[in-house]
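Enquirer: Next input, structure requested:
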Amino acid sequence: MRRGERKQTEPDLGVLTGRLLFAVQEELFDALARRGFADLRPLHGAVLAYLDEEGSRATDLARRSGQHKQVVGKALDELEALGYVTRRPDPDDRRAKVVVPTGRGLDQMRQSDAIMAGIEARHAERVGAEAFDAFKRLFRQVADDQRGWRG
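Expert: Numbers count the residues shown, from 1 in each chain. Have a look, this model is predicted:
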């Protein structure tokens, strides 16, 4: 083996996770575009995937998604300009705002849920429902354990 070359091995957890994430995002956003949401991009998923129908604070969206507040703020600005969300005063804290999905935002959220359910059903059919459920349980455990790496 020459200097700088890597031995071919099985992909590690980071590579496999990235492959899965990008492939799911590509299919999801392609399907959304065909359903009338061509103005969305994966960055917006950092907000929309974690947004409660009744609204959420930006700080909660950042925490749930694992994204920096600045990234979530940029996505929120774009989503508000596109008509997917609006910001309202938080009734529990006058200094804070609550991000609430608009009708278009709610429609997109429901469409995304249906698309993701279809993707998962397809994989469950291919590998077997029991195996897919076990995979998701283990994957969730690994993801949760990894998020707590700093203790």
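Enquirer: Which parts of the chain are strands?
Expert: Applying DSSP state E to the chain gives strands spanning 85-90, 93-101.
Enquirer: what lines up beside the first one in the sheet?
Expert: The reference is to strand 85-90. Its sheet considered, strand 85-90 pairs with strand 93-101 (antiparallel) by DSSP bridges.
Enquirer: any idea where the helices of the protein begin and end?
Expert: Secondary structure of the chain (DSSP state H): helices at 13-34, 42-48, 58-65, 69-82, 103-127, 129-147.
Enquirer: mind checking which of those is nearest residue 96?
Expert: helix 58-65 (8.1 Å; Cβ to Cβ). Yep, even glycine has a C-beta here, placed from its N, CA and C like the rest.
Enquirer: Could you pull up the mean pLDDT of that closest one?
Expert: Helix 58-65 comes out with an average pLDDT of 93.
Enquirer: what packs against it?
Expert: helix 42-48, helix 69-82, strand 93-101 (3 or more Cβ pairs under 8 Å, 6 or more residues apart in numbering; DSSP states H and E).
Enquirer: if you compare those, which one is most tucked away?
Expert: Among the helices and strands packed on helix 58-65, the stretch with the highest mean neighbour count (mean count of other Cβ atoms under 10 Å) is helix 42-48, at a mean of 20.
Enquirer: For it, which outside residues touch it?
Expert: Contacts of helix 42-48 from elsewhere in the structure, counted by Cβ atoms under 8 Å, 6 or more residues apart in numbering, are 25, 28-29, 40, 61, 65, 67, 71-72, 74-76, 78-79, 84-85, 99, 101, 105, 108-109, 112.
Enquirer: what's the answer for stretch 22-30, then?
Expert: 40, 41, 42, 45, 112, 115, 116, 119.
Enquirer: Distance check, the fourth one against residue 58.
Expert: Between residue 45 and residue 58 the distance, using Cβ to Cβ, to the nearest Å, works out to 15 Å.
Enquirer: Kindly report the same for residue 150.
Expert: Taken as Cβ to Cβ, the spacing of residue 150 relative to residue 58 amounts to 23 Å.
Enquirer: try residue 35
Expert: Between residue 35 and residue 58 the computed distance is 27 Å (Cβ to Cβ).
Enquirer: out of these two, which sits in the more crowded spot?
Expert: With other Cβ atoms under 10 Å as the criterion, residue 35 and residue 58 differ in neighbour count, and residue 58 comes out ahead with 18 against 14.
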